[in-house]
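Visitor: Sequence first, predicted coordinates after that:
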Amino acid sequence: MTLDISSLQAIDVHTHVHFSQAAAASPEGGARMEQMRARFGSDILGMDLPGIAEFYRQRNMAAVAFTIDSLGEPSEHAPTNEEIGELAARHTDAIIPFASVHPLRGKGGAKIARRLIETYGFKGFKFHPSVQEFYPNDPVAFPIYEVLAEYQLPALFHTGQNGVGAGTKGGGGVRLKYSDPLYLDDVAVDFPDMPIIMAHPSFPWQDVALSVATHKAQVYIDLSGWSPKYFPPQLVQYANTLLRKKVLFGTDFPLFTPERWTADLEKTEIRDSVKPDIMLHNAARLFGLESE
């Protein structure tokens, strides 16, 4: 099956795959998932990619799905890029696969990125400056960006404050400075053929994100990771006007479910007339699934 835009209600541009298929099916993985569900009071944590595909399929939605590459020892439960690529090929009606290559891999990372695109058909790449500890405009990442620009694939960057480590001493070692969206202005200038998605309302740099997105034609904002009822007023204003074609529905699943997110959207002043673009059409055009 292929992705049928005419049958979709929405495209969620921001979902995390935390468990590999093998880990999810193992006794140890199952026990870990139950611990997570009990701790967070949720029955959706710990899905592997086929589980996410079915979850979104039942809702007539598609999901951009990814993991986050690390230079250290990978999580014992985390999927690889290769697994996501292989499984996504079996669920093309519901999953848009993004890869993740740590920017500090430099030229070696560029070779990995090219192989992932050509072998598995990835549709974009995910970067997390605060977790991966890099400035997005650091030239060490440019070889990877050059590959994405060549294929005109979008790069999704975490921006703003981070849920990882929040509320702990020292924030779990996570440094927020890397996720200032102003660094992406440099990237947009140097790589005009690489679409950029700034993930999340960019607290405390929301005005910076709005400035970059209005100034650079290939820069978008996804609305994931926050309940819409807490969106800052200026984000709502721009979503209704200058950026109505450049803001994208995203949940940060499993942090939010689509039901929770869309219910909270109804509590905002975002206009009904722009909601279809936010939920579906802006992403469909970005991914080349729908014409202007």
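Guide: Here it is on my side, so go on. Residues are numbered from 1 along each chain as shown.
Visitor: now the helices for the chain?
Guide: Shown for the chain, the helices assigned by DSSP state H span residues 21-25, 27-40, 49-57, 81-88, 106-120, 129-132, 142-151, 182-190, 206-215, 233-240, 258-265, 275-276, 282-286.
Visitor: And those, which one averages the lowest pLDDT?
Guide: Considering the helices of the chain one by one, the lowest average pLDDT is found for helix 27-40, at a mean of 61.
Visitor: Kindly reformat the helices of the chain as a markdown table and extend each row with distance to residue 169.
Guide: C-beta: built from backbone N, CA, C; applies to glycine. Supplementary listing: the helices of the chain in a markdown table, determined by distance: least, Cβ to Cβ, whole Å:
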| stretch | distance to residue 169 |
| --- | --- |
| helix 21-25 | 29 |
| helix 27-40 | 20 |
| helix 49-57 | 33 |
| helix 81-88 | 33 |
| helix 106-120 | 32 |
| helix 129-132 | 17 |
| helix 142-151 | 33 |
| helix 182-190 | 27 |
| helix 206-215 | 27 |
| helix 233-240 | 31 |
| helix 258-265 | 29 |
| helix 275-276 | 41 |
| helix 282-286 | 38 |
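Visitor: Format the ones you listed as a markdown table; extra columns: distance to residue 64 and mean neighbour count.
Guide: What follows is those, written out as a markdown table (distance: least, Cβ to Cβ, whole Å; neighbours: other Cβ atoms under 10 Å):
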| stretch | distance to residue 64 | mean neighbour count |
| --- | --- | --- |
| helix 21-25 | 19 | 16 |
| helix 27-40 | 22 | 13 |
| helix 49-57 | 10 | 20 |
| helix 81-88 | 10 | 20 |
| helix 106-120 | 15 | 17 |
| helix 129-132 | 18 | 22 |
| helix 142-151 | 15 | 20 |
| helix 182-190 | 18 | 19 |
| helix 206-215 | 18 | 20 |
| helix 233-240 | 19 | 18 |
| helix 258-265 | 13 | 17 |
| helix 275-276 | 18 | 15 |
| helix 282-286 | 8 | 22 |
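Visitor: Tell me which of those helices approaches residue 10 most closely.
Guide: When the helices of the chain are ranked by proximity to residue 10, the top entry is helix 258-265, at 6.8 Å, counting by Cβ to Cβ.
Visitor: so what does that closest one touch, helix or strand wise?
Guide: Where contact means 3 or more Cβ pairs under 8 Å, 6 or more residues apart in numbering; DSSP states H and E, helix 258-265 is packed against strand 10-16.
Visitor: Quick one, which of the helices of the chain gets closest to residue 100.
Guide: Proximity to residue 100, assessed across these by Cβ to Cβ, is greatest for helix 81-88 (6.5 Å).
Visitor: Report the inter-axis angle for that closest one versus helix 106-120.
Guide: Interaxial angle, helix 81-88 versus helix 106-120 (axes from the mean of the first three to the mean of the last three Cα atoms, to 10 degrees): 20 degrees.
Visitor: And helix 81-88, what does it pack against?
Guide: Counting by 3+ Cβ pairs under 8 Å, 6+ apart, the packing neighbours recorded for helix 81-88 are helix 49-57, strand 61-66, strand 95-97, helix 106-120.
Visitor: List the pairing partners of the third one within its sheet, with orientation.
Guide: Same thing as strand 95-97. If you go by DSSP bridges, strand 95-97 pairs up with strand 61-66 (parallel).
Visitor: I would like the residues contacting the strand it pairs with, please.
Guide: Applying Cβ atoms under 8 Å, 6 or more residues apart in numbering, the set of residues contacting strand 61-66 from outside is 3, 8-17, 49, 52-53, 56, 84, 88, 93-100, 123-124, 126, 156, 250, 253, 258, 283.
Visitor: I'd like to know which of the residues you listed are buried.
Guide: By neighbour count, with 16 or more other Cβ atoms under 10 Å, these hold 3, 8, 10-17, 49, 52-53, 56, 84, 88, 94-100, 123-124, 126, 156, 250, 253, 258, 283 as buried.
Visitor: isn't residue 50 right up against residue 22?
Guide: No - with contact defined as Cβ atoms under 8 Å, residue 50 does not reach residue 22; the gap is 12.0 Å.
Visitor: pretty sure residue 216 is touching residue 186, no?
Guide: No - taking Cβ under 8 Å as the contact criterion, residue 216 and residue 186 are not neighbours in contact, 10.4 Å apart.
Visitor: Between the two ends of stretch 193-212, how far is it?
Guide: As for stretch 193-212, its first-to-last residue distance stands at 16 Å under the measure Cα to Cα, to the nearest Å.
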